[in-house]
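A.B. asks: the sequence and its predicted three-dimensional model are supplied below.
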Amino acid sequence: MFSVRLAGMDTQPIALTAAERVELERRMRSRTGRAHDALVARVLLLLADGFVYREIAERLTCSQPFISKWKQRFLEAGLAGLYVRHAGRPIEVLTPRMEARILDWTRKKPTDGSTHWSTRRLAKKLGVPHMRVARVWEKNGIQPHRRERYMASNDPDFGSRAADILGLYLHPPQHAAAFCVVEKTAIQALDRKDPIRQPSPGRAERHGFEYFRHGSLSLFAALNTKTGMVFGKTAERHTSQALVAFLADLLTHVPAKREVHIICDNLSAHKTKRVEEFLAAHPHVHLHFTLAYSSWLKHVELWFSKIERDLIHRGVFTSTNDLARRIMRYIRRYNNDPRPIKWKYNNPAQRIRVA
């Protein structure tokens, strides 16, 4: 019965007024309107031009019931009937209670064994759209996929010892030299088996995965906290004897009898009998030991990260001698234009706390 009714209406064109035709043509050509409105307008214009349902369906890739529905609505109400009557989904408002529930579950461990929530996992757990979870996280600045590290010292004398080192950085003695001394151990002299492919447009530098290991060495470095200059020396092994030799060489670059303050960590090589004998022979040299889990108090670590990025990480070295030579050349060129580290620690009295 339905197909017979369509066949009867198929031969009945519709009549359009001039104003209706102009409006339908405007909808059909609109680049900002809805695609559905443009399709309906095209259907009605073709009907007005005498095309039958079958021809319109083939030309516009739509069904004949679709053509019949919109033709009937136009005949009943004109242009006012050309709107979608489906009310759609009701608008769901994010209530404070739902937001609090999402935030509460975000702080809990996932129940599926994973280490952190994703928007889709949490949305499935709570039965809400995943974009709602994403908006709540963005609003509150939560990023469960990210992780940061922190260090807390358990030293009961953390406040006084940290303040001692901070004083050397922020208010150094007027007629004294302050150095931050740290060792970078086990620097490997790696030589690549395959040639390095230089970068090109759209492609990064490429290294082969196979390499030759020619050994390793240690780097002793002393950063002058006032001028930013670095005094460095390489050694085959990291021992207290090598440290004492390095400190003796360092004193040759300081005016005689000037007070020298050296900031270093609590490595066992810094507290041996050889080091104690060296300090006894040089009473104007004072060691200041940092605390456990406080590498942020060592300025030279920032310089180590620089030489790691600039030279060591992507360097190709044929031997340990080649590695030592290129490290010392890097230090000499760096000292041609040294830059002091602009380091600030606001109000240590309020921020230093014992864990």
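C.D. replies: That came through, no problem.
A.B. asks: number of nearby residues for Pro13?
C.D. replies: 14 (other C-beta atoms under 10 Å). Every residue, glycine included, has its C-beta placed from N, CA and C.
A.B. asks: give the contact list for it.
C.D. replies: Applying C-beta atoms under 8 Å, 6 or more residues apart in numbering to Pro13 gives the contacts Leu47, Ala48, Asp49, Gly50.
A.B. asks: run the last query once more with 7 Å
C.D. replies: Leu47, Ala48, Gly50 (C-beta atoms under 7 Å, 6 or more residues apart in numbering).
A.B. asks: verify the stated contact: the first one with Ile14.
C.D. replies: Going back to what we said before, that points to Leu47. Yes: using C-beta atoms under 7 Å, Leu47 is in contact with Ile14, at 5.0 Å.
A.B. asks: give the residues shared as contacts by the two.
C.D. replies: Overlap of the contact sets of Leu47 and Ile14 (by C-beta under 7 Å, 6+ apart) consists of Lys71.
A.B. asks: higher neighbour count, the two?
C.D. replies: Using other C-beta under 10 Å as the criterion, Leu47 and Ile14 rank with Leu47 on top: 23 against 14.
A.B. asks: which SSE is that one in?
C.D. replies: helix 35-48 (DSSP states H and E).
A.B. asks: what comes into contact with that helix?
C.D. replies: 13-14, 16, 24-25, 27-28, 30, 56, 60, 62, 67, 70-71, 74, 82, 84.
A.B. asks: if we use 8 Å, what do you get?
C.D. replies: Applying C-beta under 8 Å, 6+ apart, the contact partners of helix 35-48 are 13-16, 21, 24-25, 27-30, 55-56, 59-60, 62, 66-67, 70-71, 74, 82, 84.
A.B. asks: what's the average pLDDT for that helix?
C.D. replies: For helix 35-48, mean pLDDT rounds to 93.
A.B. asks: with stretch 134-147 instead?
C.D. replies: Rounded mean pLDDT across stretch 134-147 is 94.
A.B. asks: list the contacts of it.
C.D. replies: Under C-beta under 8 Å, 6+ apart, the answer for stretch 134-147 is Leu94, Glu99, Ile102, Leu103, Thr106, His116, Trp117, Ser118, Thr119.
A.B. asks: min pLDDT across the residues you listed, which one?
C.D. replies: Out of those, that is Leu94, at 86.
A.B. asks: quick check: that one touching Val133?
C.D. replies: No: between Leu94 and Val133 there is no contact under C-beta atoms under 8 Å: 10.3 Å.
A.B. asks: who has more neighbours out of these two?
C.D. replies: Remark: of Leu94 and Val133, Val133 carries more neighbours, 25 against 13, as counted by other C-beta under 10 Å.
A.B. asks: doesn't that one fall inside a helix?
C.D. replies: Yes: counting by DSSP: H, G, I helix; E, B strand; the rest coil, Val133 falls inside a helix.
A.B. asks: where along the chain do the strands fall?
C.D. replies: 176-192, 211-224, 230-235, 259-264, 285-289 (DSSP state E).
A.B. asks: nearest to His253, out of the ones you listed?
C.D. replies: strand 230-235 (6.1 Å; C-beta to C-beta).
A.B. asks: tell me the mean pLDDT for that closest one?
C.D. replies: pLDDT averaged over strand 230-235 gives 93.
A.B. asks: ok, longest helix in the protein?
C.D. replies: helix 320-335 (DSSP state H).
A.B. asks: show me what that one is packed against.
C.D. replies: Counting contacts by 3 or more C-beta pairs under 8 Å, 6 or more residues apart in numbering; DSSP states H and E, helix 320-335 packs against strand 176-192, strand 211-224, strand 230-235.
A.B. asks: nearest to Ile263, out of these?
C.D. replies: strand 176-192 (4.5 Å).
A.B. asks: and that closest one, what does it pack onto?
C.D. replies: Strand 176-192 packs on strand 211-224, helix 240-251, strand 259-264, helix 300-307, helix 320-335, going by 3+ C-beta pairs under 8 Å, 6+ apart.
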